[in-house]
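*Asks:* fold the following.
(2 chains)
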Amino acid sequence: MAKVLVVTSGKGGVGKTTSSAALGAALAHGGEKVVVIDFDVGLRNLDLVMGAERRVVFDLINVVQGDAKLNQALIRDKRMENLSLLPASQTRDKDALTEEGVARVLNELREKFDWIICDSPAGIERGATMAMRHADVAVVVTNPEVSSVRDSDRIIGLLDSKTELAEKGGRIEKHLLLTRYDPARAERGEMLKVDDVLEILSIPLIGIIPESEEVLRASNVGSPVTLNNPASAPGRAYFDAVRRLKGETVELTIPTDKKGLFGKLFGRRAA
Amino acid sequence: MALVLAPEVPLRDWLEDLDAVSERSPGFFTGRPIIADVSSLKPSKSELKFLLAAFKMRNIRIIGLEGAAPENVDAEMPPQINGGKPAGDIDVPDAANAAVAAASAPFADAPVPEKSLLIEGSVRSGQSILHPEGDVTVLGSVASGSEIVAGGSIHIYGSLRGRAIAGCTGNGKARIFCRKFEAELIAIDGLYKTADDLGGKFLGQPVQVNLDGDSIILKTLD
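*Replies:* A predicted model of the protein is given here:
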């Protein structure tokens, strides 16, 4: 049974696209058939993060409006054959997304894939509501700071009221993914602590992704961090998050990049 | 404070106007104490009965009559109220009727049986719960950027981080209770205080809020 997962946050720049790509690649690594859809029509980025920007011919809007077939628009990842991307259009805007069209595309994808990951745009307007509309599971990406937490809270409210599942009286499964977490800064009180965020949002936590230059490095080479460097701290954190997403109980730790003696000495000098 | 309705002749037209008002704002008359001022109508006993039946049919609760001739008012009708003004053609109010009016005065403001609203989860940022009919109980928390507007009291078993507006229909007896107080704004019966006005004294504590005259009083619950 295919699952539609929406990666959403309300606020921009918290790591939705990075997380969509990383979770998608990690799920595909476990052998499942995964497609990641970019809903950020007009400001697409997922193709860059997944290194497929030179291979986009047709996009989500073409499929939604019936100008192209789904198979023509799907881009299969070169590194993993069970990972696909459905890119957004860069030239159109979010009003081109129709509810019936999106529902039709998702139903078609449900037959081909095990996981359909919808990378939501920021905001609470059409793009975001369309991305969450047909979801079964939601991953709410939050940074440990007040504005991100409040926006996430707003999104959780929308997930509970504006999704198809909620309107039918069901309850959408919601998970919190805390990204860009810096344990040292949280310790100094410059960031919200994990417990504070959990108390406000009160949804289960599936992972804490530490702030790391590995994430930026992976984005720049166009590869999800879980593919580019699975052994890095954020890579391991995303793999753990995927295991929890699938229902496994994994002890929650905040992975850190182990620095050798060399790194420690020079790291400190650089700082 | 009671609302006064003053029927005029021709009564049929006046009732039509009344229906138009309640159609435009449904629930306008429900739960409000209303006095019927019939001094310009000068109804006979049967006319008065008809008028009261017409109000009852429209679910308008008459708590008192003003300006009706005492000989036309019987025990089943609402008591005479004269609010300090001359009560129609009678200069000296009937002693018995005055006593009844005085006795029923404390009940005049009593609201109709209230309906309460229970919210099982949390109220998320951006949500607005509007429930002028009665109390609101929230089992979870009320997030920053959300609001609860209740006709009665507000009970929050989690943290109150947003706005709580109690007694919005003019109920000064309404209260606000919460397990952890971090509110952005609290209000009872139109009087409000923001987080800035309140300072940090009650922050994070279990608190109840009530109205004492014109001032909002906060107390810890422990």
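
*Asks:* how about the residues of chain B by chain A?
*Replies:* Counting by Cβ under 8 Å from any Cβ of the partner chain, the residues of chain B lying close to chain A are B:121-127, B:140-141, B:143-146, B:159, B:161. For every residue, glycine as well, the C-beta is placed using N, CA and C.

*Asks:* could I get the buried residue list for stretch B:141-159?
*Replies:* Within stretch B:141-159, the residues that count as buried by 16 or more other Cβ atoms under 10 Å in any protein chain shown are B:141-156, B:158-159.

*Asks:* quick revisit: nearest to chain A among the residues of chain B next to chain A?
*Replies:* Comparing the residues of chain B next to chain A against chain A with Cβ to the nearest Cβ places B:R124 closest, at 2.9 Å.

*Asks:* can you count the residues close to that closest one?
*Replies:* 27 (other Cβ atoms under 10 Å in any protein chain shown).

*Asks:* how many neighbours does the closest residue to chain B within the stretch 151-271 of chain A have?
*Replies:* When scored by Cβ to the nearest Cβ, the stretch 151-271 of chain A has A:G157 as its residue closest to chain B, at 2.9 Å. Neighbour count of A:G157, defined by other Cβ under 10 Å: 22.

*Asks:* okay, stretch B:141-154 in PDB with CA atoms only?
*Replies:* Below are the C-alpha coordinates for stretch B:141-154, written out as PDB (Å, rounded to 0.1, in the frame of the first residue of the first chain):
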ATOM      1  CA  SER B 141      -2.700  23.600  24.800                       C
ATOM      2  CA  VAL B 142      -3.700  26.900  23.200                       C
ATOM      3  CA  ALA B 143      -0.800  27.900  20.900                       C
ATOM      4  CA  SER B 144       0.700  31.300  20.300                       C
ATOM      5  CA  GLY B 145      -1.200  33.000  17.600                       C
ATOM      6  CA  SER B 146      -4.500  31.200  18.200                       C
ATOM      7  CA  GLU B 147      -7.600  32.400  20.100                       C
ATOM      8  CA  ILE B 148     -10.500  31.100  22.100                       C
ATOM      9  CA  VAL B 149     -13.600  33.300  22.300                       C
ATOM     10  CA  ALA B 150     -16.300  32.000  24.700                       C
ATOM     11  CA  GLY B 151     -19.500  33.400  26.000                       C
ATOM     12  CA  GLY B 152     -18.800  31.700  29.300                       C
ATOM     13  CA  SER B 153     -15.600  30.600  31.000                       C
ATOM     14  CA  ILE B 154     -12.500  29.000  29.400                       C
END
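
*Asks:* that stretch - what's its average pLDDT?
*Replies:* Mean pLDDT, stretch B:141-154: 95.

*Asks:* starting at the chain centroid, how far to it?
*Replies:* Distance of stretch B:141-154 from the chain centroid (Cα atoms, centre = their mean, to the nearest Å) equals 19 Å.

*Asks:* show me what from chain A comes close to chain B.
*Replies:* Close to chain B, as judged by Cβ under 8 Å from any Cβ, chain A has residues A:124, A:150-151, A:153-154, A:156-158, A:160-161, A:199-200, A:202.

*Asks:* spell out the secondary structure type for the spatially closest residue to A:S9 that is not a sequence neighbour.
*Replies:* Sequence neighbours aside, A:V141 is the residue nearest to A:S9 in space, at 4.3 Å (criterion: Cβ to Cβ, 6 or more residues apart in numbering or on different chains). What DSSP: H, G, I helix; E, B strand; the rest coil gives for A:V141 is strand.

*Asks:* having no further points to raise, I will conclude here.
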